[in-house]
Every structure is written in C-alpha cells, then in structure tokens.
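Undergrad: Any chance you could fold what I've pasted below:
(one chain, ligands or ions: 2)
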Amino acid sequence: MKTQVGIIGGGPSGLMLSQLLDLQGIDNVVLEKHSREYVLGRIRAGVLEHGFADLMREAQCGERMDKEGEIHHGFYIAHGGGKDRIDLHGHTGGNSVVVYGQTELTRDLYEAREKMGGKVIHNVDDVKPHNITTDAPSLTYRQGDEVKCIDCDYVIGADGFHGVSRKTIPSDKIREYEKLYPFGWLGVLSRTKPVSPELVYAKHERGFALCSMRSQVLSRYYIQVPLTDTVEDWSDDAFWAELKRRLPADLADALETGPSIEKSIAPLRSFVAEPMRYGNMFLAGDAAHIVPPTGARGLNSAASDIYYLYHAMVDHYKKGDDTGLENYSKTALARIWKAQRFSWWMTTLLHKFPDNIPYDDKLQQTDLEYLLSSEAALTSLAENYVGLPF
Ligand code: FAS
Ligand code: PHB
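TA: Ligands and ions are numbered 1, 2, ... in the order given. Okay, here's the model as predicted:
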C-alpha cells in the first residue's frame, strides 16, 4: 500500500489529523493497535480549549459537541471552607472552554472518518517505522500471521506515551525531560447530577479534589491519593466520604452520590521529548509530551500539535512550502512548554505534597492568596486555562 501520510495511533491526535488531511485531499492511513470499542472505552479528558473546539468544527466534527457540550465561562477554587470563582470570560475578553468528554469527541472523529471512508486499520500488531531518515519511509505491521507494508512520504507518531514512535528515535537524537509527582488521581464516573454547574478545584489539607462532569447527568470526580493506593483500596462509599471531607460544607451537603461506573487511578507526570521530529517522522500529542491533568492541558496540547502539522502538510503538498514542517518541532514545543509550566503550577498550587517542609506549605498558601487578590495573576491563570493562541 502507498499513502502520503502514515499515522500511528487512532486516538484523538491521530484521528483529528487524519480527518483534517483527508478534507484537504491529502491521503493518509491510521494504524491503531486496539479495536474502536477499546479506544472508546477510555475515560480521559473533559475540558476543551476554544482552539480545540474550533479545530473540531474545522474538521466537520463539531456538530454534536456544539449541541451537547457545555460552554463554561469560569470555574471555582475551593479552599479554607469556602470557594472563589475564577471568571475566565471576564479575564480573557470573552473566551471560555467547552466541557465535552474525550470519549465523545473521539467517537465523533471515528464516525467522521467512517463517513468519509477514511482508512483506519484496527487491531494491528508490531507497527514498525522504517527508513524514517530517508525520503522513502514506510510502516510495517502485522495482522494475524500476515505482515503488511505501507510506503509513505511522512510518518506521524500519534501513538501516545507508551507507543512505538518515540522509542524508534536513537537515544542520542532525542532528549527527554521528566518530572514525577508523589501522588496520583483516583477518578470516579457516576450517573449523578454534578454538584456544581462549573468545575470545582479543591485545595485541602487532606489532599486535592476535583468536581467535574460530562453532562448534567454524568459526573466526574477525582481525589488525590498516594501512589501506593490501588482502586481496590477504595470502595464507592470510601470515595464519596473522602470527597465530601475535601469540599466546602455546602458542596459536601449537596453532593449526589451513586455507584461508580468507572473507577481508576492515574499517576501524575510531566514529560517532554525534544525534538518532535526525526527525519520524516513527526511526534504529536502524548507520544511527545504528558502533563498532570490539573490544568486540563493534556488533550489540548495534542490539539495544537495537530493544528501545526495539519497546516504544515497542506503547505507542503499544495504550495511546495516546507517552512511549517521545518519549524514544526520548534513551534510546537514553544506552546507545549507553556502548557507544561501551567500544569506544573496548577498542580503545585493545589495538591498536598507529603514531603513539603512547613515553609513550602506557607509559600503554597501565599501563592493562592496572591492569585485570588491580583487581577494580573487571575488574568494569567485564565488565559492559560482557556488556551494560549496556536
Ligand atoms: P492517546 O494515548 O489518546 O492515543 C494513542 C493511540 O495510539 C491509542 O489509541 C493507542 O492504542 C495507540 N497506540 C499506542 N501504541 C501503538 C502502536 N504501537 N501501534 C498502533 N497504535 C498504537 N487530559 C486532559 O486534558 N484532562 C484529563 O483529565 C486527562 N485525563 C487523563 C487520564 C488518563 C488515565 C490518561 C492516560 C490521560 C489523560 N489525559 C487527560 C490526557 C489525554 O487526554 C491525552 O492527552 C490524550 O489522550 C492524547 O491523545 P493522543 O495523543 O491521541 O494519545
Ligand atoms: C475531567 O473532567 O476529567 C477533568 C477536568 C478538568 C481537569 C482534569 C480533568 O483539569
């Protein structure tokens, strides 16, 4: 098989790029190791920057998001028994975010791919990029006993943190930056009414908590837990009781509890691989970078990578202009590191660090008090949360 762009990974990054390229008549193939149902079974991000929402619309996949997604103009920070509202709309000259689950947007992307006859090949094994430093790269993969080959002009590594693409790059050609956090997030999805109309990020001496949602009948909650905890350590009752302890009394009293329909623990990590290009292979999304979910930047960072790659590929194939491809890594990393900083800052501001000395705890509390007292600090938080320009 021959295509112009070979994409490894059928998550949001790979599917979004595939859809955008196809709309421009640029031929591409997506290789996904799991089934569509498996990919759609993941519960992940919930907040979209306005830039991501615009990209969904440009990809002709925004209809359900616009109908079912919720526009949020602010969120709350709960602390000291009360809560303060962060006015995103007011501090960014009218910008906001869309609350719409990654599962749903991935479903929309899959359906759009299917409607256009897009080539998404599932249940592939042993995907291997070949000759990526030449002008004739290729991808091989196995289905059953058969090994197949796809010749392409470019390879996109959109295969997530544990994918094969980044690991294909020789260790002397890539530099990895990583920071691990001494806690994880225990997340619960429940068919209950969200406790608040807008998200609530809670800073508490027992640990961080987050009240989010997927709709007005589907809530998503998180509590910070030690890395040694397992899902088995947490019954639903234990989760709800701990969440209530970390929320202001009015929210704890109003919290509607119910059976968890999904429960998982995710470790928190900051990670960046540089550069995001090796030969004619480009890394995008979680394949190149990971953030702690505190700032809701994970999926949104993937969106800007895809935006840059999409425009670079269009310029290459339609104008013979390779400036975008040549500058992709530098351009993408400039925005990625700002998302890294913001995610680190939000995480450091709101979580309980078990090894903090008392002085660190005082600095953390002072950082929060300064934020809530300063228009400049609130504007900085808001412009990062709604999404810095692509
Ligand atoms: P993905 O990992 O989503 O997709 C990569 C795809 O490549 C997968 O489908 C995988 O099966 C496939 N693949 C991997 N190796 C392959 C191979 N060798 N061959 C073929 N296919 C291969 N972000 C937020 O903004 N907010 C959140 O709350 C949030 N919560 C998260 C919770 C968890 C547990 C995780 C893991 C991530 C979370 N994220 C969150 C980040 C998440 O949303 C990612 O940013 C997003 O999935 C990135 O999309 P992709 O880059 O497409 O990577
Ligand atoms: C979510 O709804 O899953 C979510 C929302 C905001 C975050 C992290 C996760 O910062």
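Undergrad: so residue 214 makes contact with residue 101?
TA: Yes: between residue 214 and residue 101 a contact is recorded at 4.5 Å, counting by C-beta atoms under 8 Å. The way it works is simple: take the backbone N, C-alpha and C, and place the C-beta from them, glycine included.
Undergrad: Can you pull the residues of the stretch 1-150 of the chain lying near ligand 1?
TA: Residues of the stretch 1-150 of the chain lying close to ligand 1 (C-beta under 6 Å from any ligand atom) are 8-14, 31-34, 39, 44-46, 102, 124, 127.
Undergrad: Let's see the helix or strand containing residue 267 as PDB, backbone CA atoms only.
TA: Residue 267 is part of strand 260-274 when elements are defined by DSSP states H and E. Output of strand 260-274 as PDB, limited to C-alpha atoms (Å, rounded to 0.1, in the frame of the first residue of the first chain):
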ATOM      1  CA  SER A 260     -19.200   4.300  40.200                       C
ATOM      2  CA  ILE A 261     -19.500   3.300  36.500                       C
ATOM      3  CA  GLU A 262     -15.700   3.800  36.100                       C
ATOM      4  CA  LYS A 263     -13.000   4.000  38.700                       C
ATOM      5  CA  SER A 264      -9.300   4.300  38.000                       C
ATOM      6  CA  ILE A 265      -6.100   5.700  39.400                       C
ATOM      7  CA  ALA A 266      -3.700   7.700  37.100                       C
ATOM      8  CA  PRO A 267      -0.200   8.700  38.200                       C
ATOM      9  CA  LEU A 268       0.800  12.300  37.600                       C
ATOM     10  CA  ARG A 269       3.800  13.100  35.400                       C
ATOM     11  CA  SER A 270       5.300  15.900  33.400                       C
ATOM     12  CA  PHE A 271       7.200  14.800  30.300                       C
ATOM     13  CA  VAL A 272       8.500  16.300  27.100                       C
ATOM     14  CA  ALA A 273      10.600  14.800  24.300                       C
ATOM     15  CA  GLU A 274      12.700  17.100  22.100                       C
END
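Undergrad: can you tell me if stretch 166-183 touches ligand 1.
TA: No: applying C-beta under 6 Å from any ligand atom, one finds stretch 166-183 separated from ligand 1 by no less than 9.1 Å.
Undergrad: List the buried residues of that stretch.
TA: Applying a neighbour-count criterion of 16 or more other C-beta atoms under 10 Å, one finds 166, 168-169, 174, 181, 183 buried in stretch 166-183.
Undergrad: From the residues you listed, which land in strands?
TA: Using DSSP state E, the members of these that fall within strands are 181, 183.
Undergrad: Residue 44 touches residue 103, doesn't it?
TA: Yes: with contact defined as C-beta under 8 Å, residue 44 counts as touching residue 103 (7.3 Å).
Undergrad: Between the two, which is the more surrounded one?
TA: residue 103 (20 against 17; other C-beta atoms under 10 Å).
Undergrad: Skipping its backbone neighbours, what lies nearest residue 91 in space?
TA: Distances taken as C-beta to C-beta, 6 or more residues apart in numbering place residue 382 nearest to residue 91, at 3.6 Å, with adjacent residues excluded.
Undergrad: helices or strands up against the one helix or strand the one you found maps to?
TA: Assigned by DSSP H and E, residue 382 belongs to helix 375-386. Under the contact criterion of 3 or more C-beta pairs under 8 Å, 6 or more residues apart in numbering; DSSP states H and E, helix 375-386 touches strand 82-87, helix 88-91, helix 323-350, helix 358-373.
Undergrad: got the angle for that helix vs helix 323-350?
TA: Put simply, helix 375-386 runs at 120 degrees to helix 323-350, going by axes from the mean of the first three to the mean of the last three C-alpha atoms, to 10 degrees.
Undergrad: Pull out the buried residues from helix 375-386.
TA: Across helix 375-386, burial judged by 16+ other C-beta under 10 Å covers 378, 381-386.
Undergrad: Quick one, which of the helices and strands packed on helix 375-386 gets closest to ligand 2.
TA: Nearest to ligand 2 among the helices and strands packed on helix 375-386 is helix 323-350 (7.7 Å), distances taken as C-beta to the nearest ligand atom.
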